[in-house]
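1. whatever this is, show me its structure:
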Amino acid sequence: VSLYLLLNWLPTLLLGNGFDKHQVSSAQIAFTFGGAIAALLMGRLLDGSYRRISTMAVFVALPVSLTYLALVPKHSPAIVFIVLVLGIVLLASQVVNYAVAPECYPTAIRGVGVGTAVAMGRLGSIAGPVLGAVLVARGQTTSQLLLHLVPVSLVAGICAVILVWRTAANGTQARAVEVPRPPTMH
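-> The predicted structure is shown next:
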């Protein structure tokens, strides 16, 4: 929800919060660049011994960066840096989700499980921009809208950290479960 809300609404929210077009375009570029950094960095971190600590860092930094963005003063030169960090941690949270999802399901149902998880993410890609539109239409300020995302990111973070801890404790792959097969006729 948060990713797609911000992908679609960030420029409008920043303009509405008093930032000029140059700051907004620089911030949007920083957000996208942060996502690229996250994709490259998290792949390495999740594949190694830093899996747990990097996941915790991402999900602690996400609500913190949302809060900083909500409270940053108008015309602050720090806006580009804050949005860069937000892009990194928000996209890193997505990488964590895609990395952990296959490990949550036994081999026999892994495709269905991951497919269902991805489908739920697609629902978020619809719900996020709609949520942004509803909150803006109700007169929410940029700060209020961003602060509404903080509890969502906290709950998501707690769930992701639990999953990463659980899958790491069970090994790097979920244990295969033998699925009973119907008897064959010879």
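
2. low-confidence ranges in the protein?
-> Regions of the chain meeting the criterion pLDDT under 70 cover residues 168-186.

3. can you pull out the helices in this structure?
-> 2-16, 21-46, 51-71, 79-100, 110-137, 142-169 (DSSP state H).

4. quick one: the fifth one to helix 2-16, angle?
-> Counting by axes from the mean of the first three to the mean of the last three C-alpha atoms, to 10 degrees, helix 110-137 lies at 20 degrees to helix 2-16.

5. tell me which of the helices of the chain sits most buried.
-> Across the helices of the chain, averaging neighbours per residue (mean count of other C-beta atoms under 10 Å) puts helix 79-100 on top, at a mean of 22. (C-beta placed from N, C-alpha, C; glycine too.)

6. can you pull the contacts of residue 67?
-> For residue 67, the set of contacting residues under the criterion of C-beta atoms under 8 Å, 6 or more residues apart in numbering consists of 146-147, 150.

7. rerun that using 10 Å as the cut-off
-> Taking C-beta atoms under 10 Å, 6 or more residues apart in numbering as the contact definition, residue 67 lies against 143, 146-147, 149-150, 153.

8. out of those, which comes closest to residue 57?
-> When the contacts of residue 67 are compared for distance to residue 57 (C-beta to C-beta), residue 153 comes out closest, at 13.6 Å.

9. I'd say that closest one and residue 2 touch.
-> Yes. Contact criterion C-beta atoms under 10 Å: residue 153 and residue 2 qualify, at 6.0 Å.

10. neighbours around residue 140, how many?
-> 16 (other C-beta atoms under 10 Å).
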